[in-house]
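> test case, fold it:
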Amino acid sequence: MLTILGFAMIATFLVLIMLKKMSPIAALVLIPALFCVFVGKGAHLGDYVIKGVGSLAPTAAMLMFAIIYFGVMIDVGLFDPIVRGILRFCKADPMRVVVGTAVLAAIVSLDGDGSTTFMITVSAMYPLYKRLGMSLVVMTGVAAIANGVMNTLPWGGPTARAATALKVDASDIFVPMIPALAVGLVAVLVLSYVLGMRERKRVGHLSLDKVLAPEAETVLVGVGGSGQTPRTAGSGESPRLSGGATGTDASEGGDGVQSDDDFQGLDSARETLRPKLYWFNAALTVALLTSMIMEWLPIPVLFLIGAALALSVNFPHIPAQKARIAAHADNVVNVSGMVFAAAVFTGVLNGTGMVKHMADWLVGVVPDSMGSHMGLVTGVLSLPLTYFMSNDGFYFGVVPVLAEAGAAHGVSSLEIARASLAGQALHMSSPLVPAVYVLVGMAKVEFGDHTRFTVKWAALTCLVVLGSGILFGII
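Next up is the predicted model:
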């Protein structure tokens, strides 16, 4: 019964948000609360939620101060040269913009943190998509898939969890997987090229001169939104924003012009620029990312300190600091609220035992004849399980069971560990991953639209990684 209710709860959640019948926050809270009552454990709902909130509180704190930090860096102009450089490379070509999104997301993913990757990628690419009238779900989808492939780095989380759960060395898992992961990255680039060509056909070209024109320039997005009206071109006409820019599928055209009150065009004369502090801000950001990779301090602590330093140095006067915090409060509240709402979902899934029953059922339906192919089985199961479960639940709860079943048929734990990484490209768009709410929140894309667009491409990328691993004899 718990197995059926678990799948029913997840299906209900996904259907309602994709059909836009409920907001993600409401769905994350109300649906699991209702199903908790259905399973007869409504009296324990408070305990489940408190436990879930406790486990996600550090993540919420990290996201809150990370949004403030990168918001300040955007305000002071740290990313302006990067955006202009990307713009000149892309030459206002939608295909190059989408490929550039994949490359940028993959490079930034080297820091091992999805939230940071999405903040930097969206900060750099959002204005290009808006100015060219491109579909924002293409940006969020490509960024999520690229980050998912790169999330398999030893310091990214899944590899370390698999190594810990199966008591093997992380390098023994990751190094042999490099060829398969490289093929996965190539697949992401091919996908971005195909989607970019679709966007080029749909929106056409703008000349580089028009995109770079000062009177219509949209250098960076103010992620917090100040409520000010975007500055339009000198002709008095608003920039063309096609339907794709509203977060719909890339294949949908849309003829209406959308008013975008949250989109603030930032120019080279904005008051928040701090050109004299550019190298200080660059050094602070590099030091912050280096500290994250080296794990000198917990990530929430690093962003808390970084945000405090960025505010104090760039805006020494208290009213100015309050203004910057207020400017980004919208994103902070939305993302942190989404994380705490997700704590209700994960708390009920884990507390009621639904996750365990679902995992046991999926493992149990594997026929004995597939025992010698447990690597393949693990890789296939990693797609739905890492989407419907947290990485902790999958790697510490399911993978050891799969490894034990594989060992009985001569399949090594290392092979199981490598196969378990195949589903990460899909995992990064899971409703249980806090970073995805940063991605869709900053890009102003509905989570349901992102899910509907991304899942099929992410699953295809996962299968490419898994197939490459089998072809190369790694799995």
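
> burial count for Phe118?
29 (other C-beta atoms under 10 Å). From N, CA and C alone the C-beta is placed, and that goes for glycine too.

> my error: substitute Phe388 in the last question.
Phe388, neighbours per other C-beta under 10 Å, totals 25.

> could you do Lys201 as well?
10.

> isn't there a helix covering it?
Yes. Counting by DSSP: H, G, I helix; E, B strand; the rest coil, Lys201 is found in a helix.

> how close does it get to Val188?
For Lys201, the distance to Val188 equals 21 Å [C-beta to C-beta, to the nearest Å].

> so Tyr278 is in which element?
Using DSSP states H and E, Tyr278 maps to helix 278-294.

> now do Val137
Element membership for Val137, per DSSP H and E: helix 136-150.

> look up phi and psi at Ser153.
Careful, residue 153 is Leu; it's not Ser. Per-residue torsions, Leu153: phi -60, psi 150 (degrees, to the nearest 10).

> isn't it right up against Phe174?
Yes. Between Leu153 and Phe174 there is a contact under C-beta atoms under 8 Å: 7.2 Å.

> so what sits against both of those two?
Common contacts of Leu153 and Phe174 (C-beta atoms under 8 Å, 6 or more residues apart in numbering): Thr159.

> more neighbours, the two?
A side-by-side neighbour count of Leu153 and Phe174, using other C-beta under 10 Å, places Phe174 first with 23 against 19.

> mind checking how far that one is from Val29?
Relative to Val29, and taking C-beta to C-beta, Phe174 is found at 37 Å.

> packing partners of the next helix or strand after the helix holding Val137?
Counting by DSSP H and E, the next helix or strand C-terminal to helix 136-150 is helix 158-166. Helix 158-166 sits against helix 170-203, helix 391-393, helix 399-407, helix 413-419, with contacts defined as 3 or more C-beta pairs under 8 Å, 6 or more residues apart in numbering; DSSP states H and E.

> now stretch 151-169: mean pLDDT?
Mean pLDDT, stretch 151-169: 81.

> picking that back up, for Gly379, find the nearest of the helices and strands packed on helix 158-166.
Gly379 sits nearest to helix 413-419 of all the helices and strands packed on helix 158-166, at 3.9 Å, using C-beta to C-beta.

> looking only at pLDDT, what's the mean for that closest one?
pLDDT averaged over helix 413-419 gives 92.

> can I get that helix as CSV, trimmed to CA atoms?
Output in CSV follows, covering the C-alpha atoms of helix 413-419 (Å, rounded to 0.1, in the frame of the first residue of the first chain):
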residue,chain,number,x,y,z
SER,A,413,30.7,-3.0,-6.3
LEU,A,414,32.8,-0.6,-8.5
GLU,A,415,30.6,-1.5,-11.5
ILE,A,416,27.5,-0.9,-9.5
ALA,A,417,28.9,2.4,-8.2
ARG,A,418,29.7,3.6,-11.8
ALA,A,419,26.4,2.6,-13.1
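
> tell me which helix or strand comes right after it.
Next along from helix 413-419, by DSSP H and E: helix 424-427.

> which one is Ala342 nearest to, not counting chain neighbours?
Among residues not flanking Ala342 along the chain, Leu28 sits closest, at 5.4 Å (C-beta to C-beta, 6 or more residues apart in numbering).

> quick one: list the elements packing against the strand or helix carrying that neighbour.
Using DSSP H and E, Leu28 falls within helix 24-38. When contacts are defined as 3+ C-beta pairs under 8 Å, 6+ apart, helix 24-38 sits against helix 2-18, helix 45-76, helix 329-351.

> try 6 Å
For helix 24-38, the packing partners by 3 or more C-beta pairs under 6 Å, 6 or more residues apart in numbering; DSSP states H and E come out as helix 2-18, helix 329-351.

> list the contacts for the residue nearest to Ala342?
Leu28 makes contacts with Ala341, Ala342, Phe345, as judged by C-beta atoms under 6 Å, 6 or more residues apart in numbering.

> for the first one, list the residues it contacts.
The neighbours of Ala341, taking C-beta under 6 Å, 6+ apart as the test, are Ile25, Leu28, Val29.

> quick check: it vs Phe447, distance?
11 Å.

> low-scoring stretches of this protein, by residue?
In the predicted model of the chain, residues 83, 87, 111-112, 155-156, 205-268 satisfy pLDDT under 70.

> chain neighbours aside, what residue packs nearest to Gly393?
Using C-beta to C-beta, 6+ apart, the closest residue to Gly393 is Val355 (5.5 Å).
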